[in-house]
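J.: Would you be able to build a 3D model of this:
(2 chains)
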2 protein chains.
Amino acid sequence: MNTFEVTILGSGSALPTLKKRPTSQLVQYSNKYLLIDCGEGTQVQLRKAKVSYIKISHIFISHLHGDHYFGLVGLISSMHLLGRVADLYLYAPAELKEIINLQLRASNTQLRFNLVFTELASKETELIYENKDLEVHTIPLKHKILTNGFLIKETPRPRKIKAEKLKFYEVPHYKIDGIKFGEDFVTSEGETVPNEKFTFPPEKARSYAFCSDTAYREKIIPIIKGATMLYHETTFLERDSALAKKTFHSTAKQAGSIAKQSEVGKLLIGHFSARYTENDNTQFIAEVKQEFQNVEIAEELQTFEVG
Amino acid sequence: MNTFEVTILGSGSALPTLKKRPTSQLVQYSNKYLLIDCGEGTQVQLRKAKVSYIKISHIFISHLHGDHYFGLVGLISSMHLLGRVADLYLYAPAELKEIINLQLRASNTQLRFNLVFTELASKETELIYENKDLEVHTIPLKHKILTNGFLIKETPRPRKIKAEKLKFYEVPHYKIDGIKFGEDFVTSEGETVPNEKFTFPPEKARSYAFCSDTAYREKIIPIIKGATMLYHETTFLERDSALAKKTFHSTAKQAGSIAKQSEVGKLLIGHFSARYTENDNTQFIAEVKQEFQNVEIAEELQTFEVG
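T.: I've put the predicted structure just below:
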C-alpha cells in the first residue's frame, strides 16, 4: 500500500508564538509531496522535518489571511535560489498571483521554473487536481473571506483478481483491466460471468480532509463523508463560542460534531487561539470527545498516517 | 548616558537554515525602538529577545530582496491583532507600500493604526528622521537593486557646564542653552567671554552604521567616518571574491578595509553565505583582522552596546 501521511508543520493561529507556528501541513503520498497552506516560518519547519523543498510539486492555499500564506513567497524564492526548474502548481484565491508577482518584480527575480496558478473562486466543491493515484477537491468553508478546505483522496482502488478463476474461464489479457474495475465477463459462448466470480472487493480508497479556517458548517458533511482522517480547526473552546461565531471559527465541540456526522475515521484538531495555554489541551480533547472519540491534537512536526 | 544598543535578530543570508535567520536588527536608544530590516521569522526572534512588538515605532528596510523584508507584513498584521493604535513609521523603497497594501486588502484588513510611509529613492545620503536625541541618515549602497544602509547617530551632544563660572559671570538662565551648544557670552559691560570659560567638551556623539547588502564601496566612507560601531555584511570569504563581485556582496577582507578606512570603533560582521559552516567563523574573523582588529560576529540574539 502506498505511503499516505500528513506532517504538521504549523498548527497555531494568527499570532505566532515561541511554541506554535502558523498553519502549514505537508501531505506525502507515495513519492508525491503536496503542501497545504504556508504560514510564516514554513521553510524552517520543513527543514526541521527534513523535507527537501524541491520535492514539493503542488501547493494549496486555503485563504489569504496571513497566517495561512505569509511564508509562501519566501519558500518560492528559496526554491528559485536552490535551482528548481520543475513546474510548481499553486491553487489559491486570485489575489495571491499578484501578491507573488509584485514581490518577484520588486526583487528583480525571474523564476527559473513555471509557477502554474489555478485560481480558486467557486463556492461549490470542485475537482482541482487528479493523477493516477489521487484526486484533490475543494471544500468550500465559511469564514470571513473566501476560504477552501481540501479533500485529498485516492482514486477508486482496483478490485483484487482471483488468478485461478481468470485461468479457468480463459479470460484474455486485454480484459483484465476492465474486470479490476468491476466489469463482468462474457465468454466466447455468450455466457455472462459476474465480476464477483473473478475478484475480491478492493481496499477502501483512503482520504484526508483539511478544513481550516471555518465556522461550523454542516454543508461540508456530504463532501467529507467517510474520510479516513479529518483535520478540523478548533480555534476556541465552547465557553468562547460567542467569539467563535463572531470571528467565523469553530469550537472543539463543533469540530467533534462535524466529525461524528461525517463518520470520519479520525479527527485531528489545531489552530487553537493564542489565548489558551498547553494546560487547556486536555479540555479541547474532552470537548471533542463529547461528540467523537478518535481525536488527537495536531502537534507540530508530528506525522499522522492516513488510514 | 542613554542606553544605545543593537540586538541581532537575524544575521543569515538569503536561505534560512536551522541556525540562521534572515536579516533583522533591533536598535534601542533610551526608550525608543527602531527595527532595521525584517526577514521572515523576525516576530519569533523578537519574542525570543523578549521585546514587545508594540514598542517599535520606526522600521527601516534596506532593500527589497526577500531575506530583508518577508517578515514585515506578518509583523504589521500582528501589531494590528495586538491592538496597536500608535503610528508606525516605515522607510523603504517605493514598491513596498503596494506590496503591503495588496496583502492587507486581500485579507480585508483595515489597520487600526497609521502606517506612515517614507519612500527611499535617492542615490545620495539623506537625513530621513530626527528627534531630540537621534538622527537617521541613509547610506546609499551598491547592490543589485536600490539599497540603503542606515546611519543612526546621536544629535550633537551639549557641552558640559561649569556651574560656578555661570554664577561668577551672572549668566542669565535663558542664555544657558546657547552656551551648552558653544555660544560665547557677552556681559552687560560688553565683554565677550569665550565659551570654553563656561564649559567642558561634550561626550562624543555615538553612532551606529548598518551596511547590508553591498559590494565593496569606498563612497560610503565619508558618511560612516568615525562611527562608534559598524555592521558591514561579509557574505563571502576572499577565496570566493569572484562570487562576491558577481552578486554585489562583500568579502570579510573588504569589510575590514572599509572599517579601517572609516576609522570606526568596532565592526560587526554577518550575512555569511549558507555555503559556509560554523567552522569557517574563525576564518571570517581572521580575514577581517588583516585589516581591522576590533571585530565580532553579529551572533543572533546577542546585544551589542554602541560605545
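J.: In the stretch 51-200 of chain A, what residue spans correspond to strands?
T.: A:56-60, A:88-92, A:115-119, A:127-130, A:134-140, A:148-154, A:160-161, A:185-186, A:192-193, A:199-200 (DSSP state E, counting those that start in this stretch).
J.: So which residues on chain A come close to chain B?
T.: When proximity is defined as CB under 8 Å from any CB of the partner chain, chain A approaches chain B at A:14-18, A:40-41, A:43-44, A:47-48, A:64-66, A:70-71, A:73-74, A:77-78, A:81-82, A:93, A:95-96, A:98-99, A:102-103, A:105-108, A:144-145. Where C-beta positions appear, they are placed from N, C-alpha and C, glycine not excepted.
J.: Out of those, name the ones that lie in helices.
T.: The subset of the residues of chain A next to chain B located in helices under the criterion DSSP state H comprises A:43-44, A:47-48, A:73-74, A:77-78, A:81, A:95-96, A:98-99, A:102-103, A:105-106.
J.: of the residues you listed, buried ones?
T.: Among those, those classed as buried by 16 or more other CB atoms under 10 Å in any protein chain shown are A:43-44, A:47, A:73-74, A:77-78, A:81, A:95-96, A:99, A:102-103, A:106.
J.: Run through who's touching stretch A:165-177.
T.: A:161, A:179, A:183, A:185, A:187, A:193, A:197, A:198 (CB atoms under 8 Å, 6 or more residues apart in numbering or on different chains).
J.: In it, which residues are buried?
T.: A:166, A:171.
J.: I'd like to know the phi and psi angles of the residue of chain A most remote from its centre, please.
T.: In terms of distance from the mean C-alpha position of chain A, residue A:189 ranks first, at 48.6 Å (CA atoms, centre = their mean). With angles defined as degrees, to the nearest 10, residue A:189 shows backbone torsions of phi -90, psi 0.
J.: any idea of the pLDDT on residue A:31?
T.: The predicted local confidence for residue A:31 comes out at a pLDDT of 95.
J.: I'd like to know which of the contacts of stretch A:165-177 is nearest to residue A:9.
T.: The shortest distance between residue A:9 and any of these, using CB to CB, involves residue A:161 and amounts to 39.8 Å.
J.: Name the nearest residue to that closest one, sequence neighbours excluded.
T.: Residue nearest to residue A:161 in three dimensions, not counting chain neighbours: residue A:199, with 6.0 Å by CB to CB, 6 or more residues apart in numbering or on different chains.
J.: give me every residue that touches the one you found.
T.: With CB under 8 Å, 6+ apart, residue A:199 has these contacts: A:159, A:160, A:161, A:162, A:179, A:180, A:182.
J.: What are the buried residues along whichever strand or helix holds residue A:9?
T.: Taking DSSP states H and E as the definition, residue A:9 sits inside strand A:4-10. Neighbour counts using 16+ other CB under 10 Å place A:4, A:6, A:7, A:8, A:9, A:10 of strand A:4-10 among the buried residues.
J.: was I right about the fifth one contacting residue A:25?
T.: Yes - here residue A:9 reaches residue A:25: they are 6.1 Å apart, a contact under CB atoms under 8 Å.
J.: Quick check: closest non-adjacent residue to residue A:245.
T.: residue A:215 (7.0 Å).
J.: how many neighbours does that neighbour have?
T.: By other CB atoms under 10 Å in any protein chain shown, 20 other residues sit near residue A:215.
J.: Now do the strands in the stretch 201-307 of chain A.
T.: Listed in chain order (using DSSP E, counting those that start in this stretch), the strands of the stretch 201-307 of chain A are A:207-211, A:229-233, A:266-270, A:295-297, A:303-305.
J.: which residues does residue A:134 bridge with?
T.: Under DSSP bridges, the beta-bridge partners of residue A:134 are residue A:154.
J.: Could you check the pLDDT of it?
T.: pLDDT, residue A:134: 97.
J.: circling back: to residue A:243, which of the strands of the stretch 51-200 of chain A lies closest?
T.: Using CB to CB as the measure, strand A:148-154 is the one of the strands of the stretch 51-200 of chain A that comes nearest residue A:243, at 21.2 Å.
J.: Now that closest one: average pLDDT?
T.: The average of the pLDDT scores along strand A:148-154 is 98.
J.: So which bits of it are buried?
T.: Along strand A:148-154, these residues count as buried under the neighbour rule (16+ other CB under 10 Å): A:148, A:149, A:150, A:151, A:152, A:153, A:154.
J.: do stretch A:285-292 as well
T.: Judged by neighbour count (16+ other CB under 10 Å), stretch A:285-292 contains these buried residues: A:285, A:287, A:288, A:291, A:292.
J.: cool, and stretch A:35-52?
T.: Neighbour-count burial for stretch A:35-52, counted by 16+ other CB under 10 Å, picks out A:35-47, A:51.
J.: can you give me phi and psi for residue A:172?
T.: Main-chain dihedrals, residue A:172, degrees, to the nearest 10: phi -70, psi 150.
J.: And it, how far from residue A:166?
T.: Distance from residue A:172 to residue A:166, counting by CB to CB, to the nearest Å: 9 Å.
J.: And residue A:117, what's its pLDDT?
T.: What the model reports as pLDDT for residue A:117 is 98.
J.: Hmm, residue A:93 and it touching each other?
T.: No - under the criterion of CB under 8 Å, residue A:117 is not in contact with residue A:93, lying 10.6 Å apart.
J.: re earlier: dump the buried residues of stretch A:35-52 to a markdown table, plus pLDDT.
T.: Written out in a markdown table, the entries for the buried residues of stretch A:35-52 read as follows (pLDDT from 0 to 100):
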| residue | pLDDT |
| --- | --- |
| A:35 | 98 |
| A:36 | 98 |
| A:37 | 98 |
| A:38 | 98 |
| A:39 | 98 |
| A:40 | 97 |
| A:41 | 96 |
| A:42 | 97 |
| A:43 | 96 |
| A:44 | 95 |
| A:45 | 96 |
| A:46 | 97 |
| A:47 | 96 |
| A:51 | 95 |
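J.: Throw the residues you listed into a markdown table and include distance to residue A:134, thanks.
T.: As requested, the buried residues of stretch A:35-52 are exported to a markdown table (distance: CB to CB, whole Å):
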| residue | distance to residue A:134 |
| --- | --- |
| A:35 | 14 |
| A:36 | 13 |
| A:37 | 18 |
| A:38 | 20 |
| A:39 | 24 |
| A:40 | 28 |
| A:41 | 27 |
| A:42 | 22 |
| A:43 | 25 |
| A:44 | 27 |
| A:45 | 23 |
| A:46 | 21 |
| A:47 | 26 |
| A:51 | 18 |
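J.: And these, which is closest to residue B:245?
T.: residue A:43 (28.1 Å).
J.: if I look at the closest one, how far off is residue B:22?
T.: Between residue A:43 and residue B:22 the distance is 10 Å, computed by CB to CB.
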